[in-house]
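Chemist: With the sequence up front, the predicted model follows.
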Amino acid sequence: MGMGYNDEPGRAEPHPHPGLPPEGEGERHAAQTLLIAFNKPFNVLCQFTDGAGRATLADLVRVPGVYPAGRLDYDSEGLLLLTDDGALQKRIADPRHRMEKRYLAQVERAPGEAALEHLRRGVKLSGGMTAPAGARLVAEPEWLWPREPPIRYRKNVPTAWLELTLTEGRTRQVRRMTAAVGHPTLRLIRVAIGPWGLDALKPGQWRAEDSRPR
C-alpha cells in the first residue's frame, strides 16, 4: 500500500520526499529508504535526461536522489519503480533475484493454447531460450486508459490481451516473445513488479511506497 500520493503529474512538492510525513512526524527519518511507484506514460524515456528533447522522468517525477530500478521501454507504459537505495535498486532490477514482473500485452489475433504453452515453456530468442513464464488470455481491463496516440488498428486483424509474468529482463523481451509465436505486441503495460502494483495510478502519477519486503 502506498505511503503517499502525488495526484498532479510533474508537480514539485516542498518536502524533499513528497507524499511522506515531514521530519519529526511519523516514523520517517533521513536514512529511511525512499521507493516510488510511477505510472510511466507512453513515449517517455526511462531516464532523467535526453539530448534529443524527448520527454523524460524529469518532466514528471521531481524528486531528488531517486533512480529507476530497472527500465521500461520508451514505447511501453505502466509501473516503474524508483529508489534512492542502491541495494534495493539491484534487488529489484537484477534478474538473478528472479523478481516477477507482470505485463498486459495487446497482441494481434487471439493466441491459441499451443502459442500460450510455447510462451510458458520458453521461446528461443537471440541470446538463448527464455525462462518459463506465466501466460494467459485475459479480457481488456475495464480500468484501461486511452493511449495517445492510439495503436494502429487494422480492420481485418482482431486483437486480444495477454497477461505475461516474467522473471527475466531482456531487451524488449515481451515483444520479441509474442512476435516469435506469431502474435506481435501492439501495446504493452507493466502492472506489477514483485509485491508492488500499479493499482489506481494514472499515467504520469506516482506515489511513495513501503520499501520493506512484503
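Modeler: Yep, that arrived.
Chemist: The lowest-mean-pLDDT helix or strand in the chain: what's the following helix or strand?
Modeler: Within the chain, no helix or strand scores below strand 2-6, which has a mean of 51 by mean pLDDT, DSSP states H and E. As assigned by DSSP states H and E, the chain's next helix or strand after strand 2-6 is strand 35-40.
Chemist: Can you tell me which helices and strands that next one packs against?
Modeler: strand 77-83, strand 196-197, strand 206-209 (3 or more C-beta pairs under 8 Å, 6 or more residues apart in numbering; DSSP states H and E). C-beta: built from backbone N, CA, C; applies to glycine.
Chemist: I'd like the ones you listed as TSV, with mean pLDDT, mean neighbour count and distance to T185 appended.
Modeler: As requested, the helices and strands packed on strand 35-40 are arranged in TSV below (pLDDT from 0 to 100; neighbours: other C-beta atoms under 10 Å; distance: least, C-beta to C-beta, whole Å):
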stretch	mean pLDDT	mean neighbour count	distance to T185
strand 77-83	97	23	12
strand 196-197	96	18	21
strand 206-209	94	23	25
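Chemist: Can you add distance to V44 and give those strands back as JSON lines?
Modeler: Converted to JSON lines, the helices and strands packed on strand 35-40 look like this (distance: least, C-beta to C-beta, whole Å):
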{"stretch": "strand 77-83", "distance to V44": "9"}
{"stretch": "strand 196-197", "distance to V44": "19"}
{"stretch": "strand 206-209", "distance to V44": "12"}
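Chemist: Please name whichever of those strands is nearest to T171.
Modeler: T171 lies closest, by C-beta to C-beta, to one member of the helices and strands packed on strand 35-40: strand 77-83, at 16.1 Å.
Chemist: and that closest one, C-alpha only, in CSV?
Modeler: Taking Å, rounded to 0.1, in the frame of the first residue of the first chain, the C-alpha atoms of strand 77-83 are listed here in CSV:
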residue,chain,number,x,y,z
GLU,A,77,3.6,2.0,-20.3
GLY,A,78,2.9,1.3,-16.7
LEU,A,79,4.8,0.6,-13.5
LEU,A,80,8.3,1.8,-12.9
LEU,A,81,9.9,1.8,-9.5
LEU,A,82,12.4,4.5,-8.5
THR,A,83,14.5,4.5,-5.3
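Chemist: in stretch 94-113, what's buried?
Modeler: By 16 or more other C-beta atoms under 10 Å, the buried positions in stretch 94-113 come out as M99, K101, R102, Y103, L104, A105, Q106, V107, E108, P111.
Chemist: I'd like the average pLDDT over stretch 122-135.
Modeler: Averaging pLDDT along stretch 122-135 yields 94.
Chemist: so of the buried residues of stretch 94-113, which ones are in strands?
Modeler: K101, R102, Y103, L104, A105, Q106, V107, E108 (DSSP state E).
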